[in-house]
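In: mind looking at a prediction? Sequence and model below.
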Amino acid sequence: MKMTKTFGLCLTFGVLAMAVPSACSAAAHAVKAPRGFTALFNGQDLNGWRGGDTFDHRKLLAMPEAERAAQIAKWTETMRAHWSIQKDELVNDGKGAYATTEKDYGDFELLLEYKTVPLADSGIYLRGCPQVQIWDYTEKAKFPLGADKGSGSLWNNSPGAPGKDPLVLADKPFGQWNAVRVVMVGSRVSVWLNQKLVVDHALMENYYDRKLPVPPKGPIQLQTHGGEIRWRKIFIREIGTAEANQILAQARPGGAVTGKGIGERKQEQQLAAEGFKSIFNGKDLTGWAGPVNEYQVVDGAIQCRPGKGGSLYTKDEYADFVVRLEFKLPKGGNNGLAIRYPGHGNPAYDGMCELQVLDDNYEQATGQQIDARQAHGSAYGMVAAARGYQRPIGEWNYEQVIVKGSTIKVELNGTQILDCDLSKVDMANVMANSAHPGKDRTSGSFGFAGHNDPVAFRQLFIKKL
């Protein structure tokens with residue numbers, strides 16, 4: 001359970017490897033990681049770990065270097081006083097700063113085992129954010145907080161939000177080891193406790209500022225919270241772009257988080273079973289209208305011809321819908337998703353909106369400054385999206401857009417970067433005081449607002465709601 005002064009979040013910065021107290025004996029041999037994984041704890045010393053606390057990852061990054069180093073050193077000192085190594089176990093006495101990885105992680109699969117004592121209360125911080133909950137599921141005093149539901153949940157999510165409570169009670173009796181598996185892609189988290197799924201592809205909320213998504217990278221932290229807890233077999237595997245996109249593409253209850261690719265054909269069959277329809281055959285622009293001669297299909301993806309553009313849109317119209325797609329940007333690339341487009345005019349103004357598709361480092365790439373409401377994922381000129389969640393240039397990004405009534409949600413690479421209601425936009429303060437006559441449209445085509453750059457789109461699936 002997260003309490004204001006008892007949870008730890010920090011960023012990963014290089015700190016000298018910590019020596020363990022002399023009274024502690026190191027393991028006789030290093031821990032062997034499963035294939036594809038790296039051991040975070042080697043069973044012998046605290047190499048790769050530093051101290052940490054409940055502290056906003058972004059604020060730590062923003063500190064001057066000397067101040068940041070001093071803060072980390074302070075945490076590390078108290079951490080070293082309360083953590084020890086006994087055989088191949090990393091043991092905390094219930095006090096001190098949290099064991100925090102020196103390295104930051106983005107998308108990953110984490111494996112570990114823990115054993116704790118009655119009345120204990122701990123957790124695992126992901127990217128420095130609290131937390132995968134660990135507590136005494138028999139402590140009646142905490143039943144009102146959800147202790148009786150068991151461990152493994154994202155306890156700091158809002159009440160009623162997916163992941164807030166575990167799907168099943170999976171804790172083992174005290175004295176036995178509990179095995180945890182976590183898969184995190186973007187802000188999407190799945191947790192298995194003792195091989196039982198307890199969190200299914202839920203969005204993890206940012207405890208420090210719920211208006212912002214969790215950071216794109218951060219450390220793994222093992223919390224201290226007043227009772228002895230032992231950890232062992234701590235392994236991590238970083239997830240690459242292709243696998244991350246496959247996990248996101250499989251997003252459905254009970255089947256989205258295997259961490260294994262399923263193949264394009266099977267993916268299409270799965271999406272069809274869920275009510276999604278492919279709107280691009282990967283070969284030509286059948287089913288599309290507008291300046292089709294300005295676009296081309298290259299390696300199974302739609303993109304503008306060199307120096308060309310314009311608004312390409314589906315012949316079918318949609319009211320409320322979900323669209324899933326992959327896109328790849330060139331350096332400084334610019335395009336957009338046309339939402340409820342009428343087939344004429346500018347999608348940003350005559351359609352419901354244009355959801356910007358833009359290089360997150362556009363200013364550095366072009367030397368041109370942009371309004372926050374022009375950044376990737378923004379409802380162009382009206383509502384700004386969170387930045388910093390794109391993959392590097394040249395890699396495929398996975399995006400999902402949900403349009404319901406006047407509301408739009410944009411999820412980029414597993415992180416929700418926009419959640420807005422266009423009916424509540426103050427039109428007196430939109431970018432450049434531009435009119436948006438199509439903002440309140442209730443249906444229209446889906447498409448692309450090409451701006452002469454070879455931005456590529458593929459794996460296009462849409463579902464009417």
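Out: Received, thanks.

In: so residue 297 sits in a helix?
Out: No: applying DSSP: H, G, I helix; E, B strand; the rest coil, one finds residue 297 to be strand, outside a helix.

In: who's in contact with it?
Out: 282-285, 303 (C-beta atoms under 8 Å, 6 or more residues apart in numbering). Bear in mind the C-beta positions are built from the backbone N, C-alpha and C, glycine included.

In: got TSV for those residues, with distance to residue 322 too?
Out: Converted to TSV, these look like this (distance: C-beta to C-beta, whole Å):
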residue	distance to residue 322
282	20
283	24
284	25
285	22
303	23
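
In: give me the buried subset of the residues you listed.
Out: The neighbour count (16 or more other C-beta atoms under 10 Å) marks 285, 303 as buried among the contacts of residue 297.

In: just the contacts of residue 297: which are in strands?
Out: residue 303 (DSSP state E).

In: and which of the contacts of residue 297 is nearest to residue 428?
Out: For these, the minimum distance to residue 428 (C-beta to C-beta) is 37.1 Å, reached by residue 303.

In: residues contacting residue 351?
Out: Residue 351 sits in contact with 338-342, 345, 438, 441, 444, where contact means C-beta under 8 Å, 6+ apart.

In: can you give me the strands in the stretch 101-250 of the chain?
Out: Using DSSP state E, counting those that start in this stretch, the strands of the stretch 101-250 of the chain run over 108-116, 121-126, 129-135, 178-185, 188-193, 196-203, 221-222, 229-238.

In: ok, and the most crowded of the contacts of residue 351?
Out: In terms of neighbours by other C-beta atoms under 10 Å, these top out with residue 341 at 31 neighbours.

In: ok, and the closest non-adjacent residue to that one?
Out: Spatially, and ignoring its direct neighbours in sequence, residue 341 is nearest to residue 351 (3.9 Å; C-beta to C-beta, 6 or more residues apart in numbering).

In: and that neighbour, how far from residue 317?
Out: Plainly put, residue 351 is 11 Å away from residue 317 if you go by C-beta to C-beta, to the nearest Å.

In: need the overlap of contacts for those two.
Out: In contact with both residue 351 and residue 317: residue 444, using C-beta under 8 Å, 6+ apart.

In: mean neighbour count for the strands of the stretch 101-250 of the chain - can I get that in JSON lines?
Out: JSON lines is the format used below for those (neighbours: other C-beta atoms under 10 Å):
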{"stretch": "strand 108-116", "mean neighbour count": "20"}
{"stretch": "strand 121-126", "mean neighbour count": "26"}
{"stretch": "strand 129-135", "mean neighbour count": "27"}
{"stretch": "strand 178-185", "mean neighbour count": "22"}
{"stretch": "strand 188-193", "mean neighbour count": "25"}
{"stretch": "strand 196-203", "mean neighbour count": "21"}
{"stretch": "strand 221-222", "mean neighbour count": "30"}
{"stretch": "strand 229-238", "mean neighbour count": "20"}
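
In: redo those strands as JSON lines? Include distance to residue 414 and mean pLDDT.
Out: Supplementary listing: the strands of the stretch 101-250 of the chain in JSON lines, determined by distance: least, C-beta to C-beta, whole Å; pLDDT from 0 to 100:
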{"stretch": "strand 108-116", "distance to residue 414": "12", "mean pLDDT": "97"}
{"stretch": "strand 121-126", "distance to residue 414": "13", "mean pLDDT": "95"}
{"stretch": "strand 129-135", "distance to residue 414": "14", "mean pLDDT": "96"}
{"stretch": "strand 178-185", "distance to residue 414": "4", "mean pLDDT": "98"}
{"stretch": "strand 188-193", "distance to residue 414": "4", "mean pLDDT": "98"}
{"stretch": "strand 196-203", "distance to residue 414": "8", "mean pLDDT": "97"}
{"stretch": "strand 221-222", "distance to residue 414": "21", "mean pLDDT": "98"}
{"stretch": "strand 229-238", "distance to residue 414": "14", "mean pLDDT": "97"}
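
In: just put the ones you listed in JSON lines and tack on distance to residue 290.
Out: As requested, the strands of the stretch 101-250 of the chain are arranged in JSON lines below (distance: least, C-beta to C-beta, whole Å):
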{"stretch": "strand 108-116", "distance to residue 290": "41"}
{"stretch": "strand 121-126", "distance to residue 290": "43"}
{"stretch": "strand 129-135", "distance to residue 290": "43"}
{"stretch": "strand 178-185", "distance to residue 290": "34"}
{"stretch": "strand 188-193", "distance to residue 290": "34"}
{"stretch": "strand 196-203", "distance to residue 290": "34"}
{"stretch": "strand 221-222", "distance to residue 290": "50"}
{"stretch": "strand 229-238", "distance to residue 290": "41"}
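
In: which stretch among the ones you listed comes nearest residue 326?
Out: strand 178-185 (14.1 Å).

In: name the residues that touch the closest one?
Out: 107-115, 124, 126-127, 132, 134, 151-152, 171-172, 189-195, 204, 239, 244, 247-248, 257, 259, 413-414.

In: nearest to residue 47, of the strands of the stretch 101-250 of the chain?
Out: strand 229-238 (12.6 Å).

In: sheet partners, orientation included, of the closest one?
Out: strand 38-39 (antiparallel), strand 89-92 (antiparallel), strand 108-116 (antiparallel) (DSSP bridges).

In: put the alpha carbons of the second one into PDB.
Out: Going back to what we said before, that points to strand 89-92. The C-alpha trace of strand 89-92 is given here as PDB (Å, rounded to 0.1, in the frame of the first residue of the first chain):
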ATOM      1  CA  GLU A  89      18.700 -13.700  -0.900                       C
ATOM      2  CA  LEU A  90      18.500  -9.900  -0.800                       C
ATOM      3  CA  VAL A  91      17.100  -9.100   2.600                       C
ATOM      4  CA  ASN A  92      15.600  -5.900   4.000                       C
END
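
In: show the average pLDDT along that strand.
Out: Averaged over strand 89-92, pLDDT sits at 96.

In: and for stretch 349-369?
Out: 97.

In: that one: end-to-end distance?
Out: 21 Å (C-alpha to C-alpha, to the nearest Å).

In: list the buried residues for that stretch?
Out: So for stretch 349-369, counting by 16+ other C-beta under 10 Å, buried means 349-362, 365.

In: again, but for stretch 33-42
Out: Across stretch 33-42, burial judged by 16+ other C-beta under 10 Å covers 33, 37, 39-42.

In: correct me if wrong, but residue 272 is in a helix.
Out: Yes: with three-state DSSP as the criterion, residue 272 is part of a helix.

In: with that, I have no additional questions.
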